[in-house]
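Peer 1: what would the 3D arrangement of this be:
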Amino acid sequence: MKFPETGRPRAEVMAQLKGFAAGDADWKRGRVPLYVFKATEEAAEVGKEAFNAYFTENALGAKRAFGSLKRMEDEVARMALDLFHAPEGAVGNMTTGGSESILMAVKAARDFARAQRGDSAHRGNLVLPSSAHPAFNKAALLMDLEVRRVPVTRDFLADPKAMAAAADKDTIMIVGSAPCFPYGAIDPIEALGEVAGSKNLWLHVDACVGGYVAPFVRDEGWPVPTFDFAVKTVSSLSADLHKFGFAPKPASTVFYRDEARKAGQTFSIDEWPNGRFVTETLTGTRAGGAVAAAWALMQTLGRNGYRQIARELMTMRDAYIAGIEAIPGFRVFGKPHLTLLGFGAADLDMARVAEGMANRGWVPGMLKDPPGLHLMMSLLHKDARPDYLRDLAASAAEVRTSAGKAKLEATYS
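Peer 2: Residues are numbered from 1 along each chain as shown. Okay, the predicted model is just below:
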């Protein structure tokens, strides 16, 4: 396609743009098990209105030009630090997503380790459960760090003893997830904290998925283990506002127990004609609308609003689990704490079950180990439950009674 010589009428362009989506997956009816999140209609409208109010402003210029954005970002960070039981002196800021939050935490840990050792070239390694997010590998690749992935337990949780054994004098960070993406289980952060304390290690909690819903799930009576700064040896924590904080993308947060640990995150240069340039993020330009929307949602919903959403989410989750496990042969893997599920049937080729779901109009989330399907559910999936369970049962029955190879080449996420 060539750059257009002349412009076209706005109505014509917008009609074509909307037409492009005709072939997209039907996420509005809960047919997509990841990527998109929704709480209530009102929350969605608040997020949209606040985002559009700051549609043009650039959060890169929050300190110099857009003081309102600086105020809102600071207040988002303080509200989150309160939520995550942070001690006096804890600090943090917004980023554009979980991968960036993780990358900044890894950089901060690397630089902290180098400062402690007095070795500016120390390479270091990260010790992770096998269920930890690939963003840690991405960060390690960018910073030339070694990654040591340790098998999880039979319950699909991080194994503190095995991770302690994998750590050595060059380890700069150990990681736990709250929850891990594949299985939806919150790792034993308190036990990992004991490892961190005994070996003087930096413990990062990846709460990108669950950070902004887990506290409210606990408030509503579902069991949620301690995962945040209440564990005294947690050094840093990442949590995404654009997942279960229900803010518009791109919005995440990263936090540190103290300024000394955060120091390595800051980028500062004074070696170009314009003078000193400082950012707290990998990106420069950031959407001002994302900051405003996150602030507005926290203020509009409050703890009570998030608790109500959490109650609906977990009631829905329990109904999904009951329905899935009512299908012959199916079981949920481990004991998920939130609304992420991995599940499968040992007597079925799960890739073929996924094919059946795809043929019925679903985007099948998949697991590689063990072979299974995967769901990360928001309230988009509430009304979709009867159809999903019906089609899952039909797809399973189809695989049991039919022959031939699966046509779907599974992409594991």
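Peer 1: can you give me the helices in the stretch 1-150 of the chain?
Peer 2: Secondary structure of the stretch 1-150 of the chain, counting by DSSP state H, counting those that start in this stretch: helices at 10-20, 41-53, 67-83, 98-117, 135-143.
Peer 1: what's the closest of those helices to T279?
Peer 2: helix 98-117 (10.2 Å; Cβ to Cβ). C-beta coordinates here come from the backbone N, C-alpha and C atoms, glycine included.
Peer 1: list the buried ones in stretch 355-370?
Peer 2: Neighbour-count burial for stretch 355-370 flags 355-358, 360, 362-367 (criterion: 16 or more other Cβ atoms under 10 Å).
Peer 1: I should have written stretch 316-332 there, sorry.
Peer 2: In stretch 316-332, counting by 16+ other Cβ under 10 Å, buried: 316-317, 320, 323-324, 327, 330, 332.
Peer 1: try stretch 213-222
Peer 2: So stretch 213-222, judged by 16+ other Cβ under 10 Å, has buried residues 213-218, 220, 222.
Peer 1: again, but for stretch 89-101
Peer 2: Applying 16+ other Cβ under 10 Å to stretch 89-101 flags 90-101 as buried.
Peer 1: then stretch 290-308?
Peer 2: For stretch 290-308, by 16+ other Cβ under 10 Å, it's 290-298, 301, 305-307.
Peer 1: kindly report the same for stretch 266-277.
Peer 2: Buried residues in stretch 266-277 (16+ other Cβ under 10 Å): T266.
Peer 1: wait, what's in contact with D258?
Peer 2: Applying Cβ atoms under 8 Å, 6 or more residues apart in numbering to D258 gives the contacts 87, 89-91.
Peer 1: out of the buried residues of stretch 316-332, which one sits closest to M163?
Peer 2: The closest of the buried residues of stretch 316-332, once distances to M163 are taken by Cβ to Cβ, is V332, at 24.7 Å.
Peer 1: bridging residues for the nearest residue to the closest one once chain neighbours are set aside?
Peer 2: Using Cβ to Cβ, 6 or more residues apart in numbering and skipping the chain neighbours, the partner closest in space to V332 is F343 (4.6 Å). Beta-bridge pairing for F343 (DSSP bridges): V332, L373.
Peer 1: F343 contacts F330, doesn't it?
Peer 2: Yes. When contacts are counted by Cβ atoms under 8 Å, F343 is listed as touching F330 (5.9 Å).
Peer 1: and F37, how far is that from P134?
Peer 2: 20 Å (Cβ to Cβ, to the nearest Å).
Peer 1: more neighbours: which of the two?
Peer 2: F37 (22 against 12; other Cβ atoms under 10 Å).
Peer 1: the more buried one against K243, yeah?
Peer 2: Yes. At 5.6 Å, F37 and K243 qualify as touching, with contact defined as Cβ under 8 Å.
Peer 1: quick one on the thing from earlier: just the ones in helices from the buried residues of stretch 213-222, please.
Peer 2: Counting by DSSP state H, the buried residues of stretch 213-222 place 214-218 in helices.
Peer 1: now distance to R154 too, for those, in a markdown table please.
Peer 2: Shown next, in a markdown table, are these (distance: Cβ to Cβ, whole Å):
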| residue | distance to R154 |
| --- | --- |
| A214 | 23 |
| P215 | 28 |
| F216 | 29 |
| V217 | 24 |
| R218 | 25 |
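Peer 1: in TSV, list the residues you listed along with pLDDT and distance to V152.
Peer 2: Formatted as TSV, those follow (pLDDT from 0 to 100; distance: Cβ to Cβ, whole Å):
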residue	pLDDT	distance to V152
A214	98	19
P215	98	24
F216	98	26
V217	98	22
R218	98	23
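Peer 1: between these, which is nearest A394?
Peer 2: V217 (31.4 Å).
Peer 1: quick one, strands of the chain?
Peer 2: All strands of the chain, identified by DSSP state E, fall at 91-95, 125-129, 146-150, 171-177, 203-206, 234-240, 252-256, 267-269, 277-279, 330-332, 340-345, 365-367, 372-376.
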